[in-house]
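Colleague: I need the structure of the sequence given here:
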Amino acid sequence: MKTHAIRFHTIGSPDVLRWEEIDLDPPGAGEVLLRNVVIGVNMKEIGERQGEYPCPPLPTVPGIEAAAVVLEVGPGVTDFKPGDRVCYATVPTGSYCQQRVLPAERLIALPDDISDELAAATIHKGMTARYLVRKTFPISAGDTVLVHAAAGGTGSLVCQWARHLGATVIGTVGSAHKADYAYAHGCDYVINYREEDFVARVREITHGEGLPVVYDSVGYTTFTKSLECLQPFGLMALYGIASGHPPPLELMKFDIWKSYFYTRPSFFAHTKTRKDLLASAEDLFDVLRKGAVKVEIGGRFALRDAAAAHRKVESRDTIGPVLLFP
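Modeller: Below is the predicted model of the structure:
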């Protein structure tokens, strides 16, 4: 069986992404053949292509997130049938394709009231937001939190979910346009880091007390200063490195008066079991239905134009998730 996919054969710029015909095996025991309908773009595959994240053996088809339709089921699959709408956010990578085969246990049934676009835009980013605000640092009403990249695909979901749980949300952005978006998507305070010192502004907002948690997906340009925003026993949650890896951690040089905690939470650890995967998805669908978390699509591209989509995301000028259409 043949299908088309985006592959890259070497680490590099978006130009290494190629539209190619690939072979596809039929589904085996416990597997499902899918036709992708809408594919989400994430920093994970961009980081792999750049060599910043561990990359699967080359050549590889990138991507972990999509909404799809079941075409065929393998032996032993009873939870799904041809024609079912599903979504997924899982490894192995390979969502940048027209069709693919995945284990049925990694699929999530799509409810009728969740569109394909909404699913592809949120299933990975939204479940990431869920573990950040409910597991990594379980937010309680009255907490004040800092979210970097507050207008980004994941950051805006973290802000809204945190606000839904009763937090006061401080977000950082890089432009006035993004500030407007962040205010409309969960932020009580927005700091344009190009114009203000976010450490000084956080101290002002918290009356010098600092924060119990910082959610950081930026990395190099924000990490060290973010530590200054924490209160004693505060948690630094680094879940992405959009600007590169932070400086090496010299743990014994951390502020001894604050006793920081540091964590690098992982999406795949939080969705490893099917029980956890389905619980995460149901929590996401719940806040989407309630309108507590809303999404505005940041860009739509044909799958064969994935390089253009990557350039848009890498420019850090995007607001909201970027989608690919096979």
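Colleague: could you point out where this structure is predicted with low confidence?
Modeller: 252-254 (pLDDT under 70).
Colleague: what ranges do the helices span in it?
Modeller: For the chain, applying DSSP state H gives helices covering 43-50, 116-131, 155-164, 176-184, 198-205, 223-227, 267-270, 274-290, 306-314.
Colleague: Of the ones you listed, which stretch is the most buried?
Modeller: Most buried of the helices of the chain, by mean neighbour count (mean count of other Cβ atoms under 10 Å): helix 155-164, with a mean of 27. Backbone N, C-alpha and C define where each C-beta goes, glycine included.
Colleague: what packs against it?
Modeller: Judged by 3 or more Cβ pairs under 8 Å, 6 or more residues apart in numbering; DSSP states H and E, helix 155-164 is in contact with helix 116-131, strand 144-147, strand 168-173, helix 176-184, helix 274-290.
Colleague: can you tell me which residues contact the residue lying closest to D116 once chain neighbours are set aside?
Modeller: The shortest distance from D116 to any non-neighbouring residue, by Cβ to Cβ, 6 or more residues apart in numbering, is to A67 (4.0 Å). Applying Cβ atoms under 8 Å, 6 or more residues apart in numbering to A67 gives the contacts 36-38, 85-87, 110, 116-117, 119-120, 123.
Colleague: Check E250 too.
Modeller: For E250, the contact set (Cβ under 8 Å, 6+ apart) is empty.
Colleague: for the one 10 residues further on, same thing?
Modeller: Under the criterion of Cβ under 8 Å, 6+ apart, the contact partners of Y260 comprise 227, 230, 233-236, 254.
Colleague: how about 7 Å then?
Modeller: 227, 230, 234, 236, 254 (Cβ atoms under 7 Å, 6 or more residues apart in numbering).
Colleague: Quick check: the second one vs Y88, distance?
Modeller: So that's L230. 35 Å (Cβ to Cβ, to the nearest Å).
Colleague: Over to V199?
Modeller: 39 Å.
Colleague: again with G126
Modeller: 13 Å.
Colleague: Quickly list what's touching both of these two.
Modeller: Counting by Cβ under 7 Å, 6+ apart, nothing touches both G126 and Y88.
Colleague: how about stretch 11-24: buried residues?
Modeller: For stretch 11-24, the neighbour count (16 or more other Cβ atoms under 10 Å) marks 14, 16-17, 22, 24 as buried.
Colleague: again, but for stretch 22-33
Modeller: 22, 24, 27, 31-33.
Colleague: In the residues you listed, find the pair that's most separated.
Modeller: I22 and V32 (17.9 Å; Cβ to Cβ).
Colleague: returning to what we had before: quick check, nearest of the contacts of Y260 to A302?
Modeller: In terms of Cβ to Cβ, no member of the contacts of Y260 lies closer to A302 than M236, at 39.0 Å.
Colleague: wait, that closest one sits on S226?
Modeller: Yes. Look at M236 against S226 with Cβ atoms under 7 Å: they come within range, at 6.2 Å.
Colleague: Find the residues that touch each one of the two.
Modeller: 214, 216.
Colleague: re earlier: want to throw the helices and strands packed on helix 155-164 into TSV with distance to M43?
Modeller: Output for the helices and strands packed on helix 155-164, formatted as TSV (distance: least, Cβ to Cβ, whole Å):
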stretch	distance to M43
helix 116-131	10
strand 144-147	15
strand 168-173	16
helix 176-184	16
helix 274-290	19
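Colleague: how about D143, what does it touch?
Modeller: Contacts of D143 (Cβ under 7 Å, 6+ apart): 167, 212.
Colleague: List the single closest residue to the residue most central in space within the chain in space, sequence neighbours excluded.
Modeller: With distances taken as Cα atoms, centre = their mean, K125 lies nearest the centre of the chain, 3.3 Å away. The shortest distance from K125 to any non-neighbouring residue, by Cβ to Cβ, 6+ apart, is to T154 (4.3 Å).
Colleague: That neighbour: neighbouring residues, count only.
Modeller: 23 (other Cβ atoms under 10 Å).
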